[in-house]
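[1] Attaching a predicted model along with its sequence, questions to come.
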Amino acid sequence: MEDDPSAYDGYGEVFRGSLRNDPEQEIKSLRDQTLECIEQFDVDDVNEDGRYFMSPDESTQLFTYFTMVAAVIEELSIGLLAEVLTDTETSSVKSSSEFFERKLTQERRQNLLLHTGIIDEGTHGEMEKLRNHRNTIVHSYRQRKFVRDLDETRDMINGGYRVTERLWGKFRDVQ
């Protein structure tokens, strides 16, 4: 299972030390598009609650960004745990990846990354914030239709990129 794409194991994009794409660049591109989208919000179009009601295209852009960030963070979390914690004399990285993907929730993966020292508390906190936001917009139609605070939203968008950048750097370092 070298760098042969036919050896792809079906568990995320990670396979034996390689990724099929560069997740940092993918998220950077999506981040730039999403920031451009929110910069075009009409701040005069805020309701009495201080919320900005998004058009379907704007809502889709933010929804896409946060679900993609969550997917990339999950893939990198699985890959990092498998690469760092697998004793290759007794198990394979593929087998460990399967375990970390199927047996642990993302919340538990994040906690394991923190408690094993793979990530720091700041990264863990940003991951938690992003995971909770993704869950909110995926499971609540109303929540994905408006933005309450543009600065907070902008920071969360940038946070998705920061986390991806940190995890991707760590993943490349363990290769």
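    Sure, I can see it. Numbers count the residues shown, from 1 in each chain.
[2] Now do the top helix by length along the chain: distance to the chain's middle.
    Ordering each helix of the chain by length in residues (DSSP state H) puts helix 56-85 first. Relative to its chain's centre, helix 56-85 lies at 3 Å (C-alpha atoms, centre = their mean, to the nearest Å).
[3] The residue nearest to Val69 when sequence neighbours are not counted - how many residues pack around it?
    Spatial nearest neighbour of Val69, chain neighbours left out: Gly160 (3.7 Å); criterion: C-beta to C-beta, 6 or more residues apart in numbering. Any C-beta I mention is one placed from the backbone N, CA and C, and that applies to glycine too. Using other C-beta atoms under 10 Å, Gly160 is surrounded by 26 other residues.
[4] Now do the phi/psi pair for the residue in the chain sticking out farthest from the centre.
    Most distant residue from the mean C-alpha position of the chain: Glu48, 32.5 Å away (C-alpha atoms, centre = their mean). Backbone torsions of Glu48, given as degrees, to the nearest 10, read phi -60, psi -20.
[5] And it, how far from Lys170?
    45 Å (C-beta to C-beta, to the nearest Å).
[6] try Gly50
    38 Å.
[7] now swap in Val43 and tell me
    Relative to Lys170, and taking C-beta to C-beta, Val43 is found at 38 Å.
[8] Comparing the two, which residue is more hemmed in?
    Neighbour totals were compared for Val43 and Lys170, and Lys170 leads with 18 against 7 (other C-beta under 10 Å).
[9] what's near enough to touch the more buried one?
    80, 118-119 (C-beta atoms under 8 Å, 6 or more residues apart in numbering).
[10] and what of Pro23?
    Per C-beta under 8 Å, 6+ apart, neighbours of Pro23: 13, 72, 75-76, 164, 168.
[11] Name the residues of the helix or strand encompassing Lys28 that come out as buried.
    Using DSSP states H and E, Lys28 maps to helix 23-39. For helix 23-39, the neighbour count (16 or more other C-beta atoms under 10 Å) marks 23-24, 26-27, 30-31, 34-35, 37-38 as buried.
[12] Now do that helix: distance to the chain's middle.
    On C-alpha atoms, centre = their mean, the centre of helix 23-39 falls 13 Å from the chain's centre.
[13] could you point out which element follows it?
    From helix 23-39, the next helix or strand downstream (DSSP H and E) is strand 52-53.
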